[in-house]
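>>> next come a sequence and a model predicted from it.
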Amino acid sequence: MEIYIKVLVISILTFCGNEIYAQKLIDINQAKKIAIANNQKIRVANLEVLKQKASINKAFDLGNTQISGELGQFNSAFFDTGLGISQSFNMPQVYKRKKSVYENQMKTAESYLKLSETNLNQRLDEIFLEYNYLNAKQSLLRRQDSLYANYLEKSLIRWQTGESDVLEKTSAEQQRINLSRQLSLTSKMMNLVEVEFNWLLNDEKQQYTIQSDAFGIKSYSILLDSSRILRHPELVMADWEIQTARAVTLAEKTGLLPGFSAGYRNVSIRGLGPDEIVYSGSDRFSSFQVGIQLPIFRKAIHASIKSAQLQEEIQSQNYLAKKEELKTNLAQKTLIYNELMTQLDEFENRSLPNAQKIRNISEIKFSAGEINYLDFVVLINQAINIENEYLDLVKQINTLIIELQYLSVSN
């Protein structure tokens, strides 16, 4: 029941979309270009790169400059004024290490963008595969429906002339009902695929239709080796996460370094000064201040360093886990691919010719009256099941090829 509700919703959405937009037929290469330009997730990843790039100059934050004023009897019994300005700053090494943190965060964001694009392209390949698979299924069902329509007509004639009983007629009718239901569901599933397809492309001004291709084994000639895994976008991003964590550790260690401050103060003196000279309020005197800030209480600093070191270890272990996962995935999928290619060879050389032979002989024998309709249906369904299994096998192999291709993507 749930699948029919989903299909109904998709049908309504698709119908509404067709009312608003004229759909445009596009191929996989065009789809990838549009998706990279419009996809919401890619837009967010691009904005994250820009944000991290804009953050680099935060490394040179010197803090606020302090400006102070003094009014009152701070030099003598008379009313005096004073003006001061001071600035705190750190050693150059502190700013350099902070900049390194922000630069590594930007590189991490760039690698995430690349990974997002890779995943998006893979999903589009899978969508085109699913659509072409459903299209091939639809063609097979239509061929089957045409065949059963022909024999239903013959069955009705045989029933009217008394050559067959009601069971043959009812069975022939039910075969067409089943096929009609399967064709309708397949069509709705194709609509469902197109809805996701348009969601990924995220073009507010245009709706797109998938350009179906001949359903066959995808070309695949990549020589896979484990060293390519190290250049996979997922591992590249994990490596930049390690570099970022390492930079954060070095930046936290600068908390143990001293800080500095420098200031300037200008004040007035009225009355008799220490040099036995009488000064008016317009006379000004200046002084300079230099200070050093020492991290005497270091417990919190050491805690921050320890936390950063643990995060660095976490990222390192995460990298190793991802690497082993990708290597294992590659090895497993390669083994499955080789096994399925062996099965494909058997299908193409034996099973499919057998299916065609079963179909041809069954039609001849049924037309000659050597077998009844029910036997004919069993044999035809056996042939069609072989063709269905072949389509499923081709889809399974193509899915593996897509996965293997993206396991071999280099950043």
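Now that the structure is in, tell me what you want to look at.
>>> all strands of the stretch 51-200 of the chain, in order?
66-72, 80-89 (DSSP state E, counting those that start in this stretch).
>>> could you dump those to JSON lines with distance to Thr186?
Bear in mind the C-beta positions are built from the backbone N, C-alpha and C, glycine included. Converted to JSON lines, the strands of the stretch 51-200 of the chain look like this (distance: least, Cβ to Cβ, whole Å):
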{"stretch": "strand 66-72", "distance to Thr186": "74"}
{"stretch": "strand 80-89", "distance to Thr186": "70"}
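>>> mind checking which of those is nearest Arg350?
strand 80-89 (80.8 Å; Cβ to Cβ).
>>> on that earlier part again, among the strands of the stretch 51-200 of the chain, which is the most enclosed?
strand 80-89 (a mean of 16; mean count of other Cβ atoms under 10 Å).
>>> C-alpha coordinates for that strand, PDB please?
Extracted C-alpha coordinates of strand 80-89, given in PDB (Å, rounded to 0.1, in the frame of the first residue of the first chain):
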ATOM      1  CA  ASP A  80      45.200  67.600  35.400                       C
ATOM      2  CA  THR A  81      44.500  65.700  32.200                       C
ATOM      3  CA  GLY A  82      46.100  62.600  30.700                       C
ATOM      4  CA  LEU A  83      45.800  60.500  27.600                       C
ATOM      5  CA  GLY A  84      47.100  57.000  27.100                       C
ATOM      6  CA  ILE A  85      47.100  54.300  24.300                       C
ATOM      7  CA  SER A  86      48.300  50.700  24.600                       C
ATOM      8  CA  GLN A  87      48.300  47.600  22.400                       C
ATOM      9  CA  SER A  88      48.900  43.900  23.300                       C
ATOM     10  CA  PHE A  89      50.500  41.600  20.800                       C
END
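>>> just the angle between it and strand 66-72, please?
160 degrees (axes from the mean of the first three to the mean of the last three Cα atoms, to 10 degrees).
>>> use 90 as the first number from now on
I'll keep to 90 as the first residue from here, and by that count the last item is strand 169-178.
>>> which residues are in contact with strand 169-178?
Contacting residues not belonging to strand 169-178 are listed as 151-152, 154-163, 348-359, 370, 378, 382 [Cβ atoms under 8 Å, 6 or more residues apart in numbering].
>>> cool, stretch 467-482 as well?
Contacts of stretch 467-482 (Cβ under 8 Å, 6+ apart): 222, 225-226, 229, 233, 236, 304, 429, 432-433, 436, 440-441, 443-445, 447-448, 450-451, 460.
>>> got a ChimeraX select line for the buried ones in those?
Typed into ChimeraX, the line below selects the buried ones among the contacts of stretch 467-482, using 16 or more other Cβ atoms under 10 Å:
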select :222,225,226,229,233,236,304,429,433,436,440,441,444,447,448,451,460
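>>> could you list which of the contacts of stretch 467-482 belong to strands?
Using DSSP state E, no member of the contacts of stretch 467-482 falls in strands.
>>> pLDDT score for His391?
His391 is assigned 95 on the pLDDT scale.
>>> where does the prediction get shaky in the protein?
90-111, 241-258, 311-315, 500 (pLDDT under 70).
>>> top helix in it by residue count?
helix 181-249 (DSSP state H).
>>> tell me the helices and strands packed up against that one.
Applying 3 or more Cβ pairs under 8 Å, 6 or more residues apart in numbering; DSSP states H and E, we find helix 181-249 packed against helix 117-127, helix 129-144, helix 255-290, strand 296-299, helix 322-342, helix 462-496.
>>> switch the ones you listed over to CSV; also include distance to Met195 and mean neighbour count.
Formatted as CSV, these follow (distance: least, Cβ to Cβ, whole Å; neighbours: other Cβ atoms under 10 Å):
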stretch, distance to Met195, mean neighbour count
helix 117-127, 20, 16
helix 129-144, 4, 15
helix 255-290, 26, 17
strand 296-299, 33, 19
helix 322-342, 9, 21
helix 462-496, 25, 18
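>>> how about those, which one is nearest Leu399?
helix 322-342 (9.2 Å).
>>> picking up where we left off before, need the helices and strands packed on helix 181-249 in a markdown table (columns: distance to Gln211).
Output for these, formatted as a markdown table (distance: least, Cβ to Cβ, whole Å):
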| stretch | distance to Gln211 |
| --- | --- |
| helix 117-127 | 10 |
| helix 129-144 | 13 |
| helix 255-290 | 11 |
| strand 296-299 | 16 |
| helix 322-342 | 11 |
| helix 462-496 | 5 |
